[in-house]
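Peer 1: have a look; sequence and predicted model below, questions after that.
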Amino acid sequence: MSTTTGHIFNVEEARGKEAVECETTAAEARIEAPTSEIAREVEGNAEHVHEAAEEAADVARHKGPSFTGTETTLSSTDKLQQQASAKTNAAVTEGKHDVDALKAAGADYVEQAKEVVEHAKITAQVGGVL
């Protein structure tokens, strides 16, 4: 018999996922099953239950926080990024509005200048200057 750490009777101890699987109620029931056929049935049932639980978790994730009752928490960096983005979008919108207003005002000034030139032309023609 070996006394090497991490081994039992020259068989390596279960680690990671396998170790966790050995700690479940299904694993205990499988070990205590009177026959290998019943042990396989217990294992199959445990797999079905595990798959059903995963499917239920996926559905809950897709339904979102309103269904699960959990809130999504953002990191402070994400919050700052959202705030900065909102401010930038507001500034861009305001800037576009200002540009549009200036264009409209500029167009009015051009129209007024055309009218002044037209009136000056008419006045000059009437006065016989042209």
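Peer 2: That came in fine, so what should we check first?
Peer 1: show me where the protein has strands.
Peer 2: For the chain, applying DSSP state E gives strands covering 7-8, 11-12.
Peer 1: and residue 75, its phi and psi?
Peer 2: phi -70, psi 160 (degrees, to the nearest 10).
Peer 1: next, count neighbours for it.
Peer 2: Counted with other C-beta atoms under 10 Å, the neighbours of residue 75 add up to 8. Every residue, glycine included, has its C-beta placed from N, CA and C.
Peer 1: any idea how far residue 85 is from it?
Peer 2: Noted for residue 75: a distance of 15 Å to residue 85, by C-beta to C-beta, to the nearest Å.
Peer 1: what of residue 79?
Peer 2: 11 Å.
Peer 1: avg pLDDT for the lengthiest helix in the chain?
Peer 2: Identified as the longest helix of the chain according to DSSP state H is helix 76-126. The average pLDDT within helix 76-126 is 83.
Peer 1: shift numbering so it begins at 20
Peer 2: Sounds good: first residue 20 from here, last item helix 95-145.
Peer 1: against which helices or strands is it packed?
Peer 2: Counting contacts by 3 or more C-beta pairs under 8 Å, 6 or more residues apart in numbering; DSSP states H and E, helix 95-145 is packed against no other helix or strand.
Peer 1: now do that helix: distance to the chain's middle.
Peer 2: 37 Å (C-alpha atoms, centre = their mean, to the nearest Å).
Peer 1: also stretch 44-64?
Peer 2: 41 Å.
Peer 1: determine how far the last residue of that stretch lies from the first.
Peer 2: 12 Å (C-alpha to C-alpha, to the nearest Å).
Peer 1: where does residue 53 fall, phi/psi-wise?
Peer 2: phi -70, psi -30.
Peer 1: mean pLDDT lowest where, among the strands of the chain?
Peer 2: Among these, strand 26-27 scores lowest, at a mean of 51.
Peer 1: any idea how far residue 126 is from residue 44?
Peer 2: 79 Å.
Peer 1: equivalent analysis for residue 54, please.
Peer 2: Applying C-beta to C-beta to residue 54 and residue 126 gives a distance of 92 Å.
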